[in-house]
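*Asks:* Build the 3D model from these lines:
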Amino acid sequence: MAYQYKNVYLLWISVAVVVLDQITKQLVVQHLAWFDSVPFIPHLNWVHMKNTGAAFSMLSNAPPVLFVLLGLAVTIGILIWMRRNPRGQMLLAVALALIMGGALGNVIDRVARGHVIDFVDFYVGNWHFAAFNVADMAISLGTACLMLDMLLDWRRQRSQKEPS
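*Replies:* Numbers count the residues shown, from 1 in each chain. The predicted model follows:
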């Protein structure tokens, strides 16, 4: 029998994401003025941007409470899933813990500031990707893990259907 674990232990991933996200955002707020940009490494600047919308500043005119409620709904949904599926599906649980940590990190900003602090500016030449933060990175990584889990599950199901 394979080692069984409890999803609740993976909630530390969410806590770590929230703590790292909030520390980095506070450092940006303390050391950079609005719209300041400081080169870090080639193709990467630290900036101080305000995002009132969702990913890539979509829906920037929507009320902040909409995003707070959405983030809390995601968190509640993930907690319910973790409680109902206490063992197995480790990659899926890690993915959801990352997404939850990112969602909560951005919810904290929206409640405390009315907007999200973004500070990573990736660029190539004159093209700049939308500025982002640690919470956004966790959500993106969690989504990638979620897609990988779905692909691996599809392959497992497909191999079980094939004759030996």
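
*Asks:* What residues does H31 make contact with?
*Replies:* By C-beta atoms under 8 Å, 6 or more residues apart in numbering, the contact list for H31 is empty. (C-beta placed from N, C-alpha, C; glycine too.)

*Asks:* so how far is A135 from it?
*Replies:* 19 Å (C-beta to C-beta, to the nearest Å).

*Asks:* Then Q26?
*Replies:* Counting by C-beta to C-beta, the separation of Q26 from A135 is 13 Å.

*Asks:* which stretches of the protein form helices?
*Replies:* 11-31, 64-84, 90-113, 134-161 (DSSP state H).

*Asks:* Figure out which of those helices is closest to H48.
*Replies:* Closest to H48 of the helices of the chain, according to C-beta to C-beta: helix 11-31, at 5.3 Å.

*Asks:* what's the residue nearest to A16 when sequence neighbours are not counted in contact with, if anything?
*Replies:* Nearest residue to A16 in three dimensions, chain neighbours excluded: G101, at 7.0 Å (C-beta to C-beta, 6 or more residues apart in numbering). By C-beta under 8 Å, 6+ apart, the residues touching G101 are 13-18, 21, 135, 138.

*Asks:* give me that answer again for 6 Å
*Replies:* Going by C-beta atoms under 6 Å, 6 or more residues apart in numbering, G101 touches 14, 17-18, 138.

*Asks:* Same question for Y123.
*Replies:* The contact partners of Y123, by C-beta under 6 Å, 6+ apart, come to H43.

*Asks:* what about Q22, distance to W46?
*Replies:* For Q22, the distance to W46 (C-beta to C-beta) stands at 16 Å.

*Asks:* Show the pLDDT at the residue positioned nearest the centre of the chain.
*Replies:* Centroid-nearest residue in the chain: I139, 2.2 Å away (criterion: C-alpha atoms, centre = their mean). You'll see I139 listed with a pLDDT of 95.
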